[in-house]
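Asker: sequence and computational prediction follow.
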Amino acid sequence: MFDPVETLKEFVRFPSVSTDPKQGEGMRGARELIAGLLRETGFEVEEIATPLHPIVVGRRDGDPSWPHVVIYGHYDVQPADPYDLWTTPPFEPREREGRLYGRGAADNKGPLITHLSAVARLLRERPDLPLRLTFLIEGEEEIGSPSFAPFLEKHRDLFEADFVFLSDTGSPNPEQIVITTGLRGITCLEIEAVGPRFDLHSGVHGGAILNPIQALAEICASLHDADGRVNVPGFYDDVCPVADWEREELAKLGVSEVEYARFLGVDRFHAESGFSPFEGVRFRPTLEFNGIGGGYQGEGSKTVIPSRAFAKISCRLVADQDWERIQRTVIDTVERRCPPGIKLNVKTSHSGPPYRVVPPGRPDTPSDQSPALAAAFAAAHEGVARSFGRPPLYLREGGSVPIIGDIKRVTGLDSLMIGLFLPEDNLHAPDESFHLGVMKKGIEVSRSVLLGVADAGGR
């Protein structure tokens, strides 16, 4: 039986940065470590090749009448730059004040080791446990999972299961765990405004042509109205209404707007009119500018009219919105609003659908919900209440895990998502860390969920 904290340290030491071709050895090391842990736990392991990074599949088969749970995770991490903002090197894990610091400690290596530890302990206690398990651990989540949808279509047999179980979502603090009931979808694009064929002297040519930066700024400024709504025709047409139980759960969160503003370091919010900032990040779609540039970027001034300017845009989408339709609509809108004299180039990048699941017992719970999923929700509720001292909240989350929506679309499977990382864990930022107290309790919760499903399936 492996030690979860020491194993996590070993896992974090591998710089498994999927976006960086120079980190192939780190990717391979992380993959081999997780495959070895699965074999040690008794799983049959296979590495399935993809155009980029292989997916590790671990299977525990059994009687076809047993429930079948798919456990998802990813072994890749974000780049660690800027290195000089880390207190200790990002791939040299260090324990400090009950936390393990290192890139990937919380996203997603810590939660993945949490679930694998729970499975190892449970199978040691109950080697004859009537439960089939499949681990699917990919290496491309941090670059949008480009290989996962084709993998999903080709290997549907792996998803002949009752539900997906994962922890790639968050909770507000170490005492209050959230069971995530929704994820926003995403679609990303870059727009480039092109004017003259090369940069021009702003004195010699200024006043004769439209500056691409000005054109781009006008296009970008047109995409929101004064009330904070996205000003794109039809953008909100398919937005899923917020259920009463969802608002009631959000009210239990107990975080004030003052505390939230202080945490973010802002003086005021700019939420969509009619919605609180908490509702805005969980229930509403957005259009955000993630990067913008053009012209001279160095010290001092350089008086040019640039040849081109660009903006990077992402839309976060909520349940029932179709990312492909939204992407087409946004592209059509920016093209229509491009002023004469400017050519607009548009490139798209990673996208994925939103996802929403309704826990058992709510007025809008589907009548055909899987009994195993209902048993998992019940066991998760009891396990969280027992281990963390208070029951979980059931909340949608503002982030995106596009493959969860893809799994639902292709296979019909729903997901149970237990949030194990915290706001102060600094995901994707310097000094990322994982709360080891949450990890310890999370192992017990994961064990409770799987045991509850197995026992329910045996009756």
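Answerer: Here it is on my side, so go on.
Asker: contact partners for Phe11?
Answerer: 30, 33-34, 75, 104, 109, 113 (C-beta atoms under 8 Å, 6 or more residues apart in numbering). For the C-beta atoms, the positions are set from N, CA and C on the backbone; glycine is no exception.
Asker: what do you get if the cut-off is 10 Å, keeping everything else the same?
Answerer: By C-beta atoms under 10 Å, 6 or more residues apart in numbering, the contact list for Phe11 reads 29-30, 33-34, 37, 75, 77, 93, 102, 104-105, 109-110, 112-113.
Asker: try Thr181
Answerer: Thr181 makes contact with 169, 243, 245-246, 249, 282, 319, 355-359, 362, 377, 393-397, 415-417, according to C-beta under 10 Å, 6+ apart.
Asker: ok, 6 Å please
Answerer: Taking C-beta atoms under 6 Å, 6 or more residues apart in numbering, we find Thr181 in contact with 357, 394, 396.
Asker: most neighbours among these, please name it.
Answerer: Arg396 (27 neighbours; other C-beta atoms under 10 Å).
Asker: re the thing from before, tell me the one of the contacts of Phe11 nearest Lys154?
Answerer: Tyr75 (20.3 Å; C-beta to C-beta).
Asker: walk me through the domains of this protein.
Answerer: 4-183+355-457, 185-239+285-352 (automatic domain parsing).
Asker: where's Arg184 relative to Arg316, distance?
Answerer: Here Arg184 is placed at a distance of 4 Å from Arg316 (C-beta to C-beta, to the nearest Å).
Asker: these two - which one has more neighbours?
Answerer: Between Arg184 and Arg316, counted using other C-beta under 10 Å, Arg184 has the larger neighbour count: 29 against 20.
Asker: excluding its backbone neighbours, what's nearest Ala118?
Answerer: Residue nearest to Ala118 in three dimensions, not counting chain neighbours: Ser446, with 3.5 Å by C-beta to C-beta, 6 or more residues apart in numbering.
Asker: helices or strands up against the helix or strand hosting the one you found?
Answerer: Here Ser446, judged by DSSP states H and E, is contained in helix 436-457. When contacts are defined as 3 or more C-beta pairs under 6 Å, 6 or more residues apart in numbering; DSSP states H and E, helix 436-457 packs onto helix 110-125, helix 371-388.
Asker: ranking those by burial, who's on top?
Answerer: Greatest average neighbour count among those goes to helix 110-125 (a mean of 23), per mean count of other C-beta atoms under 10 Å.
Asker: from the contacts of Thr181, pick the one nearest Asn345.
Answerer: Arg396 (34.6 Å).
Asker: hmm, the closest one is touching Gly182, no?
Answerer: Yes: the criterion here is C-beta atoms under 6 Å, and Arg396 meets it with Gly182 at 3.1 Å.
Asker: ok, Ser367 - how many residues close by?
Answerer: 4.
Asker: so for it, what's the pLDDT?
Answerer: pLDDT, Ser367: 91.
Asker: specify the local secondary structure of the residue lying closest to Phe148 once chain neighbours are set aside.
Answerer: Leaving aside its sequence neighbours, Phe148 sits nearest to Ile403 (C-beta to C-beta, 6+ apart; 4.8 Å). What DSSP: H, G, I helix; E, B strand; the rest coil gives for Ile403 is helix.
Asker: got CSV for the domains of the chain, with distance to Ser276 too?
Answerer: Shown next, in CSV, are these (distance: least, C-beta to C-beta, whole Å):
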stretch, distance to Ser276
domain 4-183+355-457, 13
domain 185-239+285-352, 12
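Asker: quick one: closest of those domains to Ala261.
Answerer: Of the domains of the chain, the one closest to Ala261 (C-beta to C-beta) turns out to be domain 4-183+355-457, at 13.6 Å.
Asker: show the end-to-end separation of the closest one, please.
Answerer: 28 Å (C-alpha to C-alpha, to the nearest Å).
Asker: circling back: considering the contacts of Phe11, which possesses the most neighbours?
Answerer: That'd be Val77 among those, by other C-beta under 10 Å, with 34 neighbours.
Asker: spit out the contact partners of it.
Answerer: Counting by C-beta under 6 Å, 6+ apart, Val77 touches 16-17, 103-104.
Asker: just the helices from this protein, written as ranges.
Answerer: For the chain, the helices defined by DSSP state H cover 4-12, 24-41, 110-125, 148-154, 212-221, 244-251, 257-264, 277-283, 323-336, 371-388, 402-411, 436-457.
Asker: contacts for the fifth one next, please.
Answerer: Contacts with helix 212-221, where a contact means C-beta under 6 Å, 6+ apart, come from 193, 195, 294, 306, 308-309, 311, 334, 337, 339, 342.
Asker: just the buried ones from the residues you listed?
Answerer: The neighbour-count test (16 or more other C-beta atoms under 10 Å) applied to the contacts of helix 212-221 identifies 193, 195, 294, 306, 308-309, 311, 334, 337, 342 as buried.
Asker: show me these that map onto strands.
Answerer: Filtering the buried ones among the contacts of helix 212-221 for membership in strands, criterion DSSP state E, returns 193, 294, 308-309, 311.
Asker: which among these gets closest to Glu97?
Answerer: Ala311 (40.7 Å).
Asker: test my guess that the closest one contacts Ile292.
Answerer: Yes: at 4.6 Å, Ala311 and Ile292 qualify as touching, with contact defined as C-beta under 6 Å.
Asker: residue contacts, Thr303?
Answerer: Ser202.
Asker: for it, give its distance to Asn211.
Answerer: From Thr303 to Asn211 the distance is 12 Å (C-beta to C-beta).
Asker: cool, Leu250 as well?
Answerer: 44 Å.
Asker: shaky segments in this protein?
Answerer: Along the chain, the parts satisfying pLDDT under 70 run over 458-459.
Asker: farthest from the middle of this protein: give me that residue.
Answerer: Val204 (49.1 Å; C-alpha atoms, centre = their mean).
Asker: spatially nearest residue to Pro146, not counting backbone neighbours?
Answerer: Glu140 (6.1 Å).
Asker: contact partners for that neighbour?
Answerer: By C-beta under 6 Å, 6+ apart, the residues touching Glu140 are 18, 52-53, 147.
Asker: same list, the helices and strands packed on helix 436-457, but as JSON lines with distance to Val232 please.
Answerer: Shown next, in JSON lines, are the helices and strands packed on helix 436-457 (distance: least, C-beta to C-beta, whole Å):
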{"stretch": "helix 110-125", "distance to Val232": "35"}
{"stretch": "helix 371-388", "distance to Val232": "35"}
